[in-house]
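*Asks:* Have a look; sequence and predicted model below, questions after that.
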Amino acid sequence: TLGKVAAANRPEGVTLQQMLVALYRANEDAFINRNMNLLKSGRTLAIPDRAAAQAVAPEDANKVVVAQTQDFNEYRAKVGQAAAAAPER
């Protein structure tokens with residue numbers, strides 16, 4: 001998951017949310033529906049350096065993570081509804 005990649009590569013002095021957003025911004029094409037929670041399998045990610053991660057304001061990082069999580073939860077709900085409505089085989 002992106003969270004594991006962010007945690008494993010987070011420089012000192014950078015919040016997890018800052019690293020998540022920095023990773024997302026550096027690799028936007030690696031995500032389904034432009035959502036950081038939908039990382040494409042098998043993608044090689046560019047890892048931003050400390051300066052790039054610190055350039056993401058902590059408040060902005062928190063807002064982006066919350067918005068992305070809300071979008072992901074809506075996506076999951078739609079997928080769940082579609083699966084429940086599908087005829088059994």
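*Replies:* That came through fine.
*Asks:* and the residue positioned nearest the centre of the chain, what does it touch?
*Replies:* By Cα atoms, centre = their mean, the chain has its centre lying nearest to residue 36, at 2.1 Å. Taking Cβ atoms under 8 Å, 6 or more residues apart in numbering as the contact definition, residue 36 lies against 2, 20, 21, 23, 24, 65, 68. No exception for glycine: its C-beta is placed from N, CA and C like everyone else's.
*Asks:* again with residue 24
*Replies:* Neighbour list for residue 24: 2, 31, 36, 64, 68 [criterion: Cβ under 8 Å, 6+ apart].
*Asks:* Am I right that it falls within a strand?
*Replies:* No - counting by DSSP: H, G, I helix; E, B strand; the rest coil, residue 24 is not part of a strand but helix.
*Asks:* so the nearest residue to residue 30 once chain neighbours are set aside, which of the three states?
*Replies:* On the basis of Cβ to Cβ, 6 or more residues apart in numbering, the spatially nearest residue to residue 30 that is not a chain neighbour turns out to be residue 43, at 4.1 Å. Look at residue 43: counting by three-state DSSP, its state is coil.
*Asks:* Could you check how far residue 43 is from residue 27?
*Replies:* Computed as Cβ to Cβ, to the nearest Å, the residue 43 to residue 27 distance reads 7 Å.
*Asks:* okay, residue 78: pLDDT?
*Replies:* At residue 78, the pLDDT value in this model is 75.
*Asks:* in the helix or strand harbouring it, what's buried?
*Replies:* Using DSSP states H and E, residue 78 sits within helix 58-85. Neighbour counts over helix 58-85 (16 or more other Cβ atoms under 10 Å) mark 61, 64, 65, 68, 71 as buried.
*Asks:* tell me what that helix is packed against?
*Replies:* In terms of contacts (3 or more Cβ pairs under 8 Å, 6 or more residues apart in numbering; DSSP states H and E), helix 58-85 is packed against helix 16-26.
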